[in-house]
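> Show me how the following folds:
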Amino acid sequence: MSTKAKSARWYCALLLVAAIALVGAALPLGALWYLNQPTYEYPARQIHIPQGANARWIGQLLERENLIHNAHVFTWTVRLKGLGHQLKAGTYQLDGTGTTAAIAQSLLKAPIQTQPATIPEGLNRHQIAGHLQAAGVADSARFIAATEDPRLIRQLGVAAPSLEGYLFPETYFFDLDIDERTIASLMVDQFHRVFADSLHQRLDELGLSLHEAVTLASIVEREAVAVEEQPIISGVFQRRLKLNRRLESCATINYVLGTNKKRLTYADLEVDSPFNTYRHHGLPPSPISNPGRTAILAVLYPAETEYLYFVARGDGTHIFSRTNREHERAKRQVKLAQRMQTN
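Purely as a prediction, here's the structure:
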């Protein structure tokens, strides 16, 4: 190779190194410039950071709420400065002015005084309303009204007549002056956070809509006491749906009756309702409870099983059967065990 060619190669290499150095220097400078640019103008408001939210999710929340322009730059800067571990769950007051850097600084302060409220898995919205009122953070009637408000339902991206099924069970820390609509919104936001994009892709693989998955998860949540049985129960129900068998879920009957009976009568099973899965094929029209994370995952990743039936033992677990004959034998076994316990 000639000296001239070697010189040209070295010159190109030097240009490449210089270009990389310039880009490397420009990125942090660009981020610094961006952080000090004015954000959107918005009324002073509160923003709630849920439990477990990382810098990336917080950035997406701020962008979705039109508080910052770019979630990626926010996330990159927070991580670069090592502030991620300082971002904590809670409710924060934003004054409606300033820059992205100022918003980030606001989130490093202590959250405003809040009232905790724990919502267990599997409650319906009326039961949740009772929990919120008992915790002193909401009026139950106003909360129910919020969950039925068509405008709010549309704003939250829920394709259903109410927010039933989408009020995610969690321990929340609510501002003392929070209103019922905001509470409902925060709970649905938490649902969307859990139901990430990767889970939506799984829905496509299963051929289920989001509403169908949530409805089935709400039934699984109510049927399964033992968390480890949720994927099996989900597998049973999904197999019955594929075979065009009725679900025959006792949980749906209890939902219609507003009860929590362990034993249903024949009259109960004949109740006239589209939620009666003993009389109607397919899923009920909407969720019967608000399922938690494990029930949702059980629907998305059901156990591969040949079971078509199950009966409760009475201790929180079930006997699973492949055929109706096995199922009838299991029911007799349970009745005998219960009779022996009472004697």
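
> What ranges in the stretch 151-300 of the chain fall below the confidence cut-off?
In the prediction, the stretch 151-300 of the chain carries residues with pLDDT under 70 at positions 198.

> And the helices in it?
Ranges of helices within the stretch 151-300 of the chain are 180-194, 197-206, 210-223, 230-242, 250-257, 266-269, 293-300, based on DSSP state H, counting those that start in this stretch.

> deepest of those, which one?
Most buried of those by mean neighbour count (mean count of other CB atoms under 10 Å) is helix 210-223; its value is a mean of 24. (Glycine included, C-beta is placed from N, CA and C.)

> What helices and strands are in contact with it?
helix 197-206, helix 230-242, helix 250-257, helix 293-300 (3 or more CB pairs under 8 Å, 6 or more residues apart in numbering; DSSP states H and E).

> That one vs helix 250-257, what angle?
Comparing the axes of helix 210-223 and helix 250-257 via axes from the mean of the first three to the mean of the last three CA atoms, to 10 degrees yields an angle of 100 degrees.

> so residue 311, which of the three states?
Each residue gets one of three states, and residue 311 gets strand by DSSP: H, G, I helix; E, B strand; the rest coil.

> is it true that it touches residue 328?
No. Under the criterion of CB atoms under 8 Å, residue 311 lies out of contact with residue 328, with a separation of 9.4 Å.

> and the chain, what are its domains?
Domains of the chain are assigned by automatic domain parsing as 114-194, 198-305.

> Reformat the ones you listed as CSV; add distance to residue 74.
Putting the domains of the chain into CSV (distance: least, CB to CB, whole Å) gives the following:
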stretch, distance to residue 74
domain 114-194, 17
domain 198-305, 22
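
> and residue 105, which of those is closest to it?
domain 114-194 (19.8 Å; CB to CB).

> Just give the closest residue to the residue sitting nearest the centre point of the chain, not the sequence neighbours.
When the chain is reduced to its mean C-alpha position, the closest residue under CA atoms, centre = their mean turns out to be residue 191, at 2.6 Å. Nearest non-adjacent residue to residue 191, counting by CB to CB, 6 or more residues apart in numbering: residue 168, 4.0 Å away.

> And that neighbour, how far from residue 292?
According to CB to CB, to the nearest Å, residue 168 and residue 292 sit 8 Å apart.

> out of those two, which sits in the more crowded spot?
Taking residue 168 and residue 292 together and counting by other CB atoms under 10 Å, residue 168 has the greater number of neighbours (24 against 20).

> can I assume that one is in contact with residue 186?
No. Using CB under 8 Å, residue 168 is not in contact with residue 186, being 9.1 Å away.
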